[in-house]
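J.: fold the following for me, if possible:
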Amino acid sequence: MKKVTKLLALFLALALVFGFAACGSKESTTNETKANETEAAANAAEVKIGFICLHDENSTYDLNFINAAKEACAALGIDPVIKTNVPEGNECYETAADLVDRGCNIVFADSFGHEQYMIQAAKEFPEVQFCHATGTRAHTENLPNYHNAFASIYEGRFLAGIAAGLKLNEMIEAGQFTADEAKMGYVGAYTYAEVISGYTSFYLGAKSVCPSVTMEVQFTGSWYDETAEKEAATKLISNGCKLLSQHADSMGAPTACETAGIPDVSYNGSTVSACPKTFIVSSKIDWVPYFTYIINCVANGQTIDTDWCKGIADGSVKLTDINTDVAAAGTAEKIEEAKAKLADGSLKVFDTSTFTVDGKALDSYKADVDTDDKYTPDTEVIENGAFNESVKRSAPYFDLRIDGITLLNEKF
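T.: From the prediction side, this is the model:
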């Protein structure tokens, strides 16, 4: 009995010792974590970042960047310097140089046409990190301080396309038109790969639930031109399009849809407040993760990826809330089902079994990834039965013209 008592006492003593040690270790770990967080915040506070925007808050595209810049910087305790209405010309270089003079150690620009001027600035100011959205040349320029970024927005557009296709089905079932009249319209800015990738993924999303759907595309030749976008939308509606979407940055197309009573899928933000009777859903790139990433890289002396691209699974591509007053029943559930398949890789947006080009399926295609002046195809991009978009570089390079989509004009 005494032996048992002694053993029990010894066991309790050891438990107390190790228990205190464990508590001390846990407290030490917690304190270390807090110290690291404080140090990271202090490091971030040493970063000064400038943003160059093509337009201002009136552009849904630029507003999306501006809101993300403010959110990311506020969370890290720094004040951004935001320059708006900077054209795609030498003004971009001058603005970048001015931001460097003002002490910025990161400069970000948001429009495709800014790229050559950002590269010019990167060469002149090697101590500053220059980051650019939608650009194509970082991986070939080989500048350690110049970086491209985008997101797999085609995933978001595909999901938004599902919402569009379900709405078409609902309208067909209601007897508003027949299945062979299920035609959508799309207002595009330019006939660039970025826009082609976007409208094609939107169409394929719609087609996945409404197999008879077709689509017409009207280009405006501008990223932001409210009059031209409204005119393009009006033309598409007059052509018999039953639902519209867009890759253009004003409220021109959504307001044309609201006036005509045509369902609309917008881009870069909800338009429900202005178009409550027609807005269904919108996809967008959430730039907060990227801005947080580049600020932390500079704060901690880490290298920024030459090409950065994330998607739905990483929180960089999002959908707005669905307008249930307009969307078809079951839209949210169908989107969530597809989203899960995108995340686990069982669903590929550009699965080559889901589309044809000139009546033929594709098993090989070379895209212009290493962009040159002649846009020479240089890289095989179909692998494992799918077009691998934004894998070889961050910016889209899908430029196929698939069956089912008719271009009413072209603008380069």
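J.: which residues in this protein form helices?
T.: Secondary structure of the chain by DSSP state H: the helices cover 2-45, 60-76, 90-101, 115-124, 138-141, 153-173, 193-207, 226-238, 252-260, 288-299, 331-344.
J.: D363 is nearest to which of those helices?
T.: Of all those, it is helix 193-207 that lies closest to D363, at 17.9 Å by C-beta to C-beta. All C-beta atoms are positioned from the backbone trio N, CA, C, and that covers glycine.
J.: could you give the angle of the closest one to helix 153-173?
T.: Angle, helix 193-207 to helix 153-173, by axes from the mean of the first three to the mean of the last three C-alpha atoms, to 10 degrees: 40 degrees.
J.: other SSEs contacting helix 193-207?
T.: Secondary-structure packing of helix 193-207 (3 or more C-beta pairs under 8 Å, 6 or more residues apart in numbering; DSSP states H and E): helix 153-173, strand 183-188, strand 214-219, strand 243-247, strand 405-407.
J.: what do you get if the cut-off is 10 Å, keeping everything else the same?
T.: When contacts are defined as 3 or more C-beta pairs under 10 Å, 6 or more residues apart in numbering; DSSP states H and E, helix 193-207 sits against helix 153-173, strand 183-188, strand 214-219, strand 243-247, strand 264-267, strand 279-285, strand 405-407.
J.: residue closest to the middle of the protein?
T.: Centroid-nearest residue in the chain: I285, 2.9 Å away (criterion: C-alpha atoms, centre = their mean).
J.: pull up the gap between F219 and A338, please.
T.: Distance of F219 to A338, computed by C-beta to C-beta, to the nearest Å: 28 Å.
J.: same deal with I78?
T.: 37 Å.
J.: show me the shaky parts of this protein.
T.: In the prediction, the chain carries residues with pLDDT under 70 at positions 1-42.
J.: quick check: can you list the domain ranges of this structure?
T.: Domains of the chain are assigned by automatic domain parsing as 46-150, 153-284+318-407.
J.: would you format these as CSV with mean neighbour count and distance to W308 included?
T.: Output for those, formatted as CSV (neighbours: other C-beta atoms under 10 Å; distance: least, C-beta to C-beta, whole Å):
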stretch, mean neighbour count, distance to W308
domain 46-150, 20, 4
domain 153-284+318-407, 20, 6
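J.: turn those into TSV, columns for distance to Y293.
T.: Converted to TSV, those look like this (distance: least, C-beta to C-beta, whole Å):
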stretch	distance to Y293
domain 46-150	9
domain 153-284+318-407	13
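J.: figure out which of those is closest to G311.
T.: Nearest of the domains of the chain (C-beta to C-beta): domain 153-284+318-407, 5.0 Å.
J.: what is the end-to-end distance of the closest one?
T.: 21 Å (C-alpha to C-alpha, to the nearest Å).
J.: what of stretch 95-110?
T.: Span of stretch 95-110 from end to end, C-alpha to C-alpha: 13 Å.
J.: likewise stretch 239-254?
T.: End-to-end distance (C-alpha to C-alpha), stretch 239-254: 17 Å.
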